[in-house]
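[1] fold the following, please.
(2 chains)
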Protein chains: 2
Amino acid sequence: MRIVCPKESLAEGIGIVQKAVSSKSTLPILEGILLEAYDSKFKLTGNDLEIGIECFVDADIREEGSVVLNSKTFGDIVRRLPDSEVFIEVKGDNLVIIECANSHFEIKGLSATGFPALPAIKQENSFKISQKLLRDMIRQTIFSISLDENRPILTGSLIECNEGTVTMVSMDVFRLALRKSTLSEEVNDFSVVVPGKTLNEISKILQPVDDEITVYTSTNQILFDMGNCKIVSRLLEGKYLNYKSIIRHDAETRIRVNVKSLLSSIERASLVASADNKHPVKFDIKDDKMIITSNTEIGAAREELNVETTGKELQIGFNPRYLIDALKVIDDEEAEITFITNLLPCTIKPVEGDDFIYVIGAVKI
Amino acid sequence: MRIVCPKESLAEGIGIVQKAVSSKSTLPILEGILLEAYDSKFKLTGNDLEIGIECFVDADIREEGSVVLNSKTFGDIVRRLPDSEVFIEVKGDNLVIIECANSHFEIKGLSATGFPALPAIKQENSFKISQKLLRDMIRQTIFSISLDENRPILTGSLIECNEGTVTMVSMDVFRLALRKSTLSEEVNDFSVVVPGKTLNEISKILQPVDDEITVYTSTNQILFDMGNCKIVSRLLEGKYLNYKSIIRHDAETRIRVNVKSLLSSIERASLVASADNKHPVKFDIKDDKMIITSNTEIGAAREELNVETTGKELQIGFNPRYLIDALKVIDDEEAEITFITNLLPCTIKPVEGDDFIYVIGAVKI
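    Below is the predicted model:
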């Protein structure tokens, strides 16, 4: 293999595929990046067997071939090279020469033969979505993914295409986060569950731009196709919980509230909570006032907020962490919160439309 | 005690004195900030018995008094308050009321009686220096302070006033860093050794501005007086090493080099060094070229640099970490490096003047 490519695009490609490279593996080859130069194309691949990412980098191919280089060493070197053309050549015994301006490196590589190939995806279903929207949908739901490995299906997010809308849902025992969007074209109905780790890595790669990406799914795999860059991940097996049964549409008390003000008040009130973060904050809703209080061994906090109330007076308690997580990702200025009784969860929704729903379980006060 | 003050100045004052508060102490009072309102002045004090910081905050004193509040709780609350007037009142049993807009806190405080007073300094010697210059002098020498507790005197920096100049020196077994500056007025000759921890905290408080601060020293203490804010620290006991004997002025080989280019080359060459960072980089100086090489089990690196050479050809090895630390803090575009033999340390100096000197021991190659 012998190629020449600009340092910037090479560094960018490495940055992307590194998100799929194990930093600590028992197999040295899984700590590597596969470099392949064939058919006038230069491709980088990272694959930790959970997620695989391949990325094409513009390069001048002078001799075809392939090699695997340790991801950390290769990335650290390329990032520090001067902004110029980088020359990469594989000599005998997988010795790799990297040259750029007055810098010359010789790095021991590994044979490409042992590198695990990315699984081919039978493209059964697909939908198109802008990078920005998918990025927002992940950000606005990912925090509710369960960390409990005893219920593996909840360690991922549901992606559901149904009647022209795509819905992303995450939940654990205490809360649910849902984000919905209309698709620009009709697609087959289907649903899959994507591991939280995959979504986390993808959200770092996605840019806040309007460029569309295509998402393909098969029974076991999902492929995010960004053109020059493809991300493949396994899916979680099993059936996701019937999340619709958790979302209630009735309400005895409704408040309309400024999201940022409520967030600040809860954050302050939770400051007197001890480090274990188990002390609830209490809402006292009466007339058009909401009093938020918290009492612990450290002291007491009391916050007063103007809200628009409809329905009954209510006193209810919540884990402040769960409220904060949800309020932080809402971009709308105002939101509606509905309550049934002080034993049942509350529901946070947009004032208009149904783009998002957060359900948060009440705690005893 | 009852006071009112703007949130911003209170938060700023807390941020400063927190640098002298233990985060984990066996004595709860040492995790606290002392609040004192006397003689129309509102003062915050933090003191971990090594460093003490007091800071005056503009406030309207409505009733004199004092109390100690847990530093983390107090700081977290104030930082999150809305940008408005903060009202603080101490009730019976040291219960502290904090109010701001619609937020109300009641925090359990401690009696001010048990708080350790800042030591009074017998102001024997002093000099004036701009915040920016002192900040630079610390940044440009602090990294050479020894971490070896077996030679406690080297865990601090020497500050020496002599014949109208102030010199700061740090050293360990492998290297020395010296930064010198002319004083604007004549002062007594004296020298003290300031703990590295103190310098580290002070450099975070100092701003890159021309405002002058006054440094006072006595036998055991040093006081940095910034007007509204005073920092007191103990000094290290004992005599500092005779650093002048380490600085050689003779040279067999001299090079003049671009600092940033040399830094980049060494950083790249050291990338093939293994994690233990013990692999030397080798300089090969011949004619007006310097070849920097590094060879490890990972691979080999070779960098070529144009330099202006005077004197003999030379091959010499260094720990790249020590060279990088020194080159990173040099603000000059070019520097001169002098060598005697490949067994003796090199000296890095400005091309003109003697504002800084770095001495770095050679390693066997």
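
[2] tell me how many other residues surround the residue lying closest to A:Val232 once chain neighbours are set aside.
    Once flanking residues are discounted, A:Val232 sits nearest to A:Gly52: 4.6 Å by Cβ to Cβ, 6 or more residues apart in numbering or on different chains. Using the backbone N, CA and C atoms, a C-beta is placed for each residue, glycine as well. Neighbours of A:Gly52 under the rule other Cβ atoms under 10 Å in any protein chain shown: 24.

[3] who touches A:Gly52 in this structure?
    Contacts for A:Gly52 (Cβ atoms under 8 Å, 6 or more residues apart in numbering or on different chains) come out as A:20, A:45-46, A:116, A:118-119, A:231-233.

[4] quick one: which of the residues you listed is nearest B:Leu176?
    A:Gly46 (44.0 Å; Cβ to Cβ).

[5] contact partners for the closest one?
    By Cβ under 8 Å, 6+ apart, the neighbours of A:Gly46 are A:17-21, A:33-34, A:52-53, A:71.

[6] just the residues you listed: which are in strands?
    A:33-34, A:52-53 (DSSP state E).

[7] can I get these in a markdown table including pLDDT and distance to B:Ile138?
    Below are those laid out as a markdown table (pLDDT from 0 to 100; distance: Cβ to Cβ, whole Å):
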| residue | pLDDT | distance to B:Ile138 |
| --- | --- | --- |
| A:Ile33 | 98 | 41 |
| A:Leu34 | 98 | 47 |
| A:Gly52 | 97 | 48 |
| A:Ile53 | 97 | 44 |
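
[8] with distance to B:Glu308 added, can I get the residues you listed in JSON lines?
    Shown next, in JSON lines, are the ones in strands among the contacts of A:Gly46 (distance: Cβ to Cβ, whole Å):
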{"residue": "A:Ile33", "distance to B:Glu308": "40"}
{"residue": "A:Leu34", "distance to B:Glu308": "44"}
{"residue": "A:Gly52", "distance to B:Glu308": "51"}
{"residue": "A:Ile53", "distance to B:Glu308": "47"}
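
[9] quick check: the farthest pair among the residues you listed?
    A:Ile33 and A:Gly52 (11.6 Å).

[10] list residues touching both of the two?
    Here A:Ile33 and A:Gly52 share the contacting residues A:45-46, scored by Cβ under 8 Å, 6+ apart.

[11] circling back: from the contacts of A:Gly52, which is closest to chain B?
    Nearest to chain B among the contacts of A:Gly52, counting by Cβ to the nearest Cβ, is A:Gly46 at 19.0 Å.

[12] tell me how far the host helix or strand of that closest one lies from the chain's centre.
    Here A:Gly46 is covered by strand A:41-47, with elements defined by DSSP states H and E. How far strand A:41-47 lies from its chain's middle: 22 Å, per Cα atoms, centre = their mean, to the nearest Å.

[13] same question, stretch A:76-95
    32 Å.

[14] do that stretch and chain B meet?
    Yes - judged by Cβ under 8 Å from any Cβ of the partner chain, stretch A:76-95 and chain B are in contact via A:76-77, A:80-82.

[15] next, the buried residues of that stretch.
    A:76-78, A:80-81, A:85-90, A:94 (16 or more other Cβ atoms under 10 Å in any protein chain shown).

[16] in TSV, list those along with pLDDT and secondary structure.
    Below are the buried residues of stretch A:76-95 laid out as TSV (pLDDT from 0 to 100; DSSP: H, G, I helix; E, B strand; the rest coil):
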residue	pLDDT	secondary structure
A:Asp76	95	helix
A:Ile77	95	helix
A:Val78	97	helix
A:Arg80	95	helix
A:Leu81	95	coil
A:Glu85	97	strand
A:Val86	98	strand
A:Phe87	98	strand
A:Ile88	98	strand
A:Glu89	98	strand
A:Val90	98	strand
A:Asn94	96	helix
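
[17] of the residues you listed, closest to B:Met226?
    A:Arg80 (38.8 Å).

[18] now the closest residue to the closest one other than its chain neighbours, what are its backbone angles?
    In this structure, A:Arg80 finds its nearest non-sequential neighbour in B:Arg268, 5.0 Å apart by Cβ to Cβ, 6+ apart. As for B:Arg268, its main-chain torsions (degrees, to the nearest 10) stand at phi -70, psi -50.

[19] OK, contacts around B:Arg268?
    So B:Arg268 contacts A:77, A:80-81, A:103, A:105, B:301, B:303 (Cβ under 8 Å, 6+ apart).

[20] who in the stretch 201-350 of chain A is up against chain B?
    A:264-265, A:267-268, A:271-272, A:297-305.

[21] I'd assumed A:Lys312 was in contact with A:Asn342.
    No - applying Cβ atoms under 8 Å, one finds A:Asn342 not in contact with A:Lys312, separated by 10.4 Å.

[22] which of the two has more neighbours?
    Counted by other Cβ under 10 Å, A:Asn342 and A:Lys312 do not tie: A:Asn342 has more neighbours, with 18 against 14.

[23] can you tell me the SS state at that one?
    coil (DSSP: H, G, I helix; E, B strand; the rest coil).

[24] roughly how far does it sit from A:Glu313?
    11 Å (Cβ to Cβ, to the nearest Å).

[25] count the neighbours of the closest residue to A:Glu186 other than its chain neighbours for me.
    Distances taken as Cβ to Cβ, 6+ apart put A:Gly164 closest to A:Glu186, at 6.0 Å, once the chain neighbours are dropped. A:Gly164 has 13 neighbours, counted by other Cβ under 10 Å.

[26] A:Ser181 is in contact with A:Gly164, correct?
    No - contact between A:Gly164 and A:Ser181 fails when scored by Cβ under 8 Å: they sit 10.1 Å apart.

[27] for stretch A:208-219, buried residues please.
    A:213, A:215-218.

[28] now, those that are in helices?
    Of those, none are assigned to helices by DSSP state H.

[29] wait, which of these is closest to chain B?
    Of those, the one sitting nearest to chain B (Cβ to the nearest Cβ) turns out to be A:Ile213, at 33.6 Å.

[30] thinking again about what came up before, are any of the contacts of A:Gly52 buried, and if so which?
    Using 16+ other Cβ under 10 Å, the buried ones in the contacts of A:Gly52 are A:20, A:45-46, A:118-119, A:231-233.

[31] can you redo these as CSV with distance to A:Val351 and pLDDT?
    Formatted as CSV, these follow (distance: Cβ to Cβ, whole Å; pLDDT from 0 to 100):
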residue, distance to A:Val351, pLDDT
A:Ala20, 40, 95
A:Thr45, 46, 98
A:Gly46, 43, 97
A:Leu118, 44, 92
A:Pro119, 44, 90
A:Ile231, 35, 97
A:Val232, 39, 97
A:Ser233, 35, 97
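
[32] list just the nearest of these to B:Lys239.
    A:Gly46 (56.5 Å).

[33] please name the bridge partners of that closest one.
    On the basis of DSSP bridges, A:Gly46 is bridged to A:Ile53.

[34] output the below-cut-off pLDDT ranges for the stretch 1-150 of chain A.
    Judged by pLDDT under 70, the stretch 1-150 of chain A has no weakly predicted residues.
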